[in-house]
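**Student:** Sequence plus the predicted model coming up.
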Amino acid sequence: MYKHKILSTTVFILLVVSLLSGGLTVNVDATPVPYPASPVDESVVPHYFGPYPNWGLSALTMPDVAVTISGDGTGAAATATVGAGGAITGITITNPGSNYTSATVSFTGAGDGAAATAVVTSSNTVVAINVTNPGANYVQPTVAITGGGATTDATATAYGGVNSLTLIDGGSGYTLPTVDFDYPDGVDGVQAKGHVTWDTVTGVITGVVIDNPGSGYSRAPTVVIRDGTLFNPLNRRQFNAAQEARQESFLNPGAGQLQNQQKVNVLDDANVTSTIDIQSIVVNTYGAGYTSVPTVTITDTLGGGTQATAEAVIDVGAVSAINLTNPGSGYVTGTGIKKFQDELPLMCDPSVAGDCAAATNNLGQYVPLGVPDTTTFPGADYYVIALVQHREQLNSSLPAEGTLLREYVQLETTANASWSESIPLVNHLLDGTTTPAMMPDGTQAIAVSQPHYLGPIIQANKDRPVRIVFYNLLPTGLEGDLFLPVDTTFMGSGMGPMEMMQPVDQGSVLDEVRNPLCGEANLSMMDRMMCFAQTRATLHLHGGISPWISDGTPHQWITPADEMTSWPEGVAVRQVPDMVGLDRPAGVPDCSAPDDGCMTFYYTNQQSARFMFYHDHTWGITRLNVYAGEAAGYIIRDETETALIDSGLLPSGQHEIPLVVQDKTFVSSPAQMAELDPTWDYTRWGSEGDLWYEHVYMPAENPADPSGMSSYGRWFYGP
């Protein structure tokens, strides 16, 4: 990894000479960058052999109810299960207690209305079973409770953790094997975890290692060796083998078909079996009438488990059953995301007094229309739109401070100053602070209204062009780094176009192929100058028939005006000819400089009525920028649509609700993330309520081949 520093120092010297010649001052951050000490150094890189799944779920609504058993005895305890609407669906006794003659049941938590009655058995019952020897190698353990003079026998279930794994067949063809255990069926059980040892050449599994035996298994779990993961399977090997078979076949010109095609199945699945030991025994029914302690026998109905032993405990006055008489409602936490609790934000015209107030939902959201300037460019609608970083609460279940997003906003100009709300724009930062959003000339950026997700919607008319000046006003430097994990092995998202030595594939996360420079945290200034800035942005009218210079192609991006970068704009950036230089009207900025942080667009709208959207299209990070919020609606109206509305065949515009569907996952609580994605970096990518995005990727068949790296997935080895 030391080659990073050698290369970056060489390039940086050349860059500094160039920058200093222009009168700029460069501050070099000499803070050392941490590198992984080994391929499984989890302080820096995810443990890519497992056992962590590294996938996320938004905050889940969890049960919030406690059961209290009171009376003249001691020790009784129970738990409740919660179903739809927060209603209690069942009660499980976890400890029957002893010496009760009567007992009452009460519920506390987020809900109300639940009620239940307790059944007390006055004779001796089995109140607990203690494991005295866990034994080993059980597949399907069963528990028998016999003797003791009972009038009714107690029943119980044994639970354990994985104590052994046996590799029956190592299979072949694996490129990224992971171990997947069944989920446990016991209350509060923990899923077992493990990893494999394998031959990286043949793809044969040579061993399976238990990392965590788990708990709560009433039978030995099924173990599956996957290539990839359940949520991101790696099936490329079969595709590649099929391609090789096609290349070996020949074309029959007469029949026009490929000959000698064979079904290819290069993956031979590995076969692994597991066994468990006995960790606990849970009493299901407590029996009655015991005059002495019964015998507990543990057998294995499907395997050869042996030596597990346990002892029963009997006592009088146990709470043997709880009967639910009223399920109540609302016994769930307020931390999970609840559906259908918020109103839809509606469209509004911010130039019309009170219009946006009427369109605002319970979260303060509305979707503003862009209000065109129709005089600066006669015969066209003109907008000045900027991109800023802004927090907005997207759901009542999410933190009130809002989710960090990147949003478009319409700027104030002399044409709209009469009705503008004159909002001084700020950029919200990952640490919760804000910084003023400044125009390229150093003045405060002013918006006509607050930024809002999916706005401003541009409403255009067929054959009437739309002109846009777009400003990139994102924060710069470290504060401008994208708050989502960036896979810098993806072409266009990492190292800039420089002549450099090809990284050496050493088959380890420590090499430069899998742990590239630009994916590291807290890069020094010299290193940042070698990487594409994560503040790059542009506009692309999705589905629009646009001139190529205004298409917003992947290479037509710009950075903020003050960004310290070697590449302030994409190689294909072109300006609308009459919107720059001496041809532009008064008040229109000249965006012709490569580092001015602004760009011009011209849309012809020579299309029929439709609902489209404009969004970011930046090379290498399009998916991330759009996911982060860089998207807004674009409506084209035409005479046909107007005629349908006038005839009553379509509802009028005041009844329109533009529906935009975007899939987003939000960072959940630290406790939930510890189970789902323990390698999530809160300080670098956001905290609870911010956007979650995958940051563990599958490797290419040949990581040293750049085309392979971008063909079907990558592995993110850096933090």
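**Tutor:** In hand now; what should we look at? Remember, it's a predicted structure, so these values are computed and weren't measured experimentally.
**Student:** So Pro475 sits against Leu387, correct?
**Tutor:** No. Pro475 is not in contact with Leu387 according to C-beta atoms under 8 Å; the separation is 11.0 Å. C-beta coordinates here come from the backbone N, C-alpha and C atoms, glycine included.
**Student:** and these two? which has more neighbours close in?
**Tutor:** Taking other C-beta atoms under 10 Å, Pro475 and Leu387 do not tie; Leu387 has more neighbours (28 against 24).
**Student:** The more buried one pairs with what?
**Tutor:** Tyr408, Asn472 (DSSP bridges).
**Student:** distance of it from Gly480?
**Tutor:** To Gly480, Leu387 is 11 Å away according to C-beta to C-beta, to the nearest Å.
**Student:** anything in contact with each of those two?
**Tutor:** Shared contacts of Leu387 and Gly480, defined by C-beta atoms under 8 Å, 6 or more residues apart in numbering, are found at Leu474.
**Student:** Do a quick rundown of the helices in the stretch 301-450 of the chain.
**Tutor:** Under the criterion DSSP state H, counting those that start in this stretch, the stretch 301-450 of the chain contains helices at 355-359.
**Student:** Kindly apply the preceding question to the stretch 101-250 of the chain instead.
**Tutor:** 236-248.
**Student:** so where's it uncertain?
**Tutor:** Within the stretch 101-250 of the chain, the stretches with pLDDT under 70 are 230-250.
**Student:** where do the strands sit along it?
**Tutor:** Here the stretch 101-250 of the chain has its strands, by DSSP state E, counting those that start in this stretch, at 103-109, 112-133, 141-146, 155-159, 162-169, 177-181, 193-199, 204-212, 223-227.
**Student:** TSV for the ones you listed, including mean neighbour count and distance to Ala59?
**Tutor:** Shown next, in TSV, are these (neighbours: other C-beta atoms under 10 Å; distance: least, C-beta to C-beta, whole Å):
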stretch	mean neighbour count	distance to Ala59
strand 103-109	17	18
strand 112-133	18	23
strand 141-146	18	37
strand 155-159	22	29
strand 162-169	16	30
strand 177-181	23	25
strand 193-199	19	23
strand 204-212	17	24
strand 223-227	20	27
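**Student:** Rebuild these as TSV, extending it with distance to Arg528.
**Tutor:** Listed next are those as TSV, based on distance: least, C-beta to C-beta, whole Å:
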stretch	distance to Arg528
strand 103-109	50
strand 112-133	56
strand 141-146	59
strand 155-159	53
strand 162-169	46
strand 177-181	34
strand 193-199	35
strand 204-212	37
strand 223-227	36
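**Student:** of those strands, which approaches Pro554 most closely?
**Tutor:** Closest of the strands of the stretch 101-250 of the chain to Pro554 is strand 223-227, at 31.2 Å (criterion: C-beta to C-beta).
**Student:** what sits against the closest residue to Pro345 other than its chain neighbours?
**Tutor:** Take Pro345 and drop its neighbours on the chain: the residue closest to it by C-beta to C-beta, 6 or more residues apart in numbering is Gln365, 3.8 Å away. Residues in contact with Gln365, defined by C-beta under 8 Å, 6+ apart, are 345, 392-394, 452-453.
**Student:** of those, closest to Gly135?
**Tutor:** Leu394 (51.8 Å).
**Student:** ok, and the closest non-adjacent residue to that closest one?
**Tutor:** Thr403 (5.4 Å).
**Student:** contacting residues for that neighbour?
**Tutor:** 391-394, 666, 689-691.
**Student:** redo that, cut-off 7 Å
**Tutor:** By C-beta atoms under 7 Å, 6 or more residues apart in numbering, the contact list for Thr403 reads 391-392, 394, 666, 689-691.
**Student:** Same check on Pro424?
**Tutor:** 444, 446.
**Student:** any low-confidence regions in the protein?
**Tutor:** Applying pLDDT under 70 to the chain picks out residues 1-54, 230-267, 500, 506-511, 513-515, 653-655, 696-719.
**Student:** Asp562 against Leu474, yeah?
**Tutor:** No. Between Asp562 and Leu474 there is no contact under C-beta atoms under 7 Å: 10.4 Å.
**Student:** In terms of packing, which of these two has more residues around it?
**Tutor:** Leu474 (25 against 15).
**Student:** all helices for the stretch 451-600 of the chain, in order.
**Tutor:** 525-528.
**Student:** if we can go back for a sec, can you select the buried ones from the contacts of Thr403 in PyMOL?
**Tutor:** Command for PyMOL that selects the buried part of these, burial taken from 16 or more other C-beta atoms under 10 Å:
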select buried, resi 391+392+394+666+689+690+691
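**Student:** between the contacts of Thr403, which is nearest Asp199?
**Tutor:** Leu691 (39.2 Å).
**Student:** Next, work out how far apart Leu57 and Ser668 are.
**Tutor:** Taking C-beta to C-beta, one finds Leu57 at 6 Å from Ser668.
**Student:** Who has more neighbours out of those two?
**Tutor:** Comparing Leu57 with Ser668 by other C-beta under 10 Å, the one with more neighbours is Ser668, at 24 against 16.
**Student:** got the contact list for that one?
**Tutor:** By C-beta under 7 Å, 6+ apart, Ser668 lies in contact with 57-60, 688.
**Student:** and the gap between Met439 and Val319?
**Tutor:** Met439 sits at a distance of 71 Å from Val319 (criterion: C-beta to C-beta).
**Student:** ok, these two, which is more surrounded?
**Tutor:** Val319 (28 against 18).
**Student:** can you pull the contacts of that one?
**Tutor:** Per C-beta under 7 Å, 6+ apart, neighbours of Val319: 69, 76, 93, 96-97, 100, 103, 118, 120.
**Student:** Now Tyr639. Nearest residue, chain neighbours left out?
**Tutor:** In this structure residue 639 is Glu, not Tyr. With C-beta to C-beta, 6+ apart, the residue lying closest to Glu639 is Lys462, at 7.4 Å.
**Student:** Near that neighbour, how many other residues are there?
**Tutor:** Lys462: 17 neighbours (other C-beta under 10 Å).
**Student:** Also the one 5 residues further on?
**Tutor:** By the other C-beta under 10 Å criterion, the neighbourhood of Arg467 contains 22 residues.
**Student:** The one 10 residues further on too?
**Tutor:** Other residues within reach of Gly477, judged by other C-beta under 10 Å, total 16.
**Student:** Renumber starting at 18 from here on
**Tutor:** Got it, the first residue is 18 from now on, which makes the last one we talked about Gly494.
**Student:** Test my guess that it contacts Asp579.
**Tutor:** No. If you go by C-beta under 7 Å, Gly494 and Asp579 don't touch, sitting 8.7 Å apart.
**Student:** ok, how many other residues are close to Pro668?
**Tutor:** Around Pro668 there are 11 residues (other C-beta under 10 Å).
**Student:** secondary structure class for the residue lying closest to it once chain neighbours are set aside?
**Tutor:** Nearest residue to Pro668, sequence neighbours excluded (C-beta to C-beta, 6+ apart): Ile662, at 7.4 Å. The three-state assignment at Ile662 reads helix, by DSSP: H, G, I helix; E, B strand; the rest coil.
**Student:** hang on, Ile662 packs against Ser669?
**Tutor:** Yes. The pair formed by Ile662 and Ser669 meets the contact definition of C-beta under 7 Å, at 5.7 Å.
**Student:** more neighbours, those two?
**Tutor:** Legend: neighbour count by other C-beta under 10 Å for Ile662 and Ser669, higher for Ile662 (16 against 9).
**Student:** Now do Lys681: how many residues are near it, please.
**Tutor:** 15.
**Student:** For it, which non-adjacent residue is closest in space?
**Tutor:** Lys681 sits nearest to Leu708 (C-beta to C-beta, 6+ apart), 6.2 Å away.
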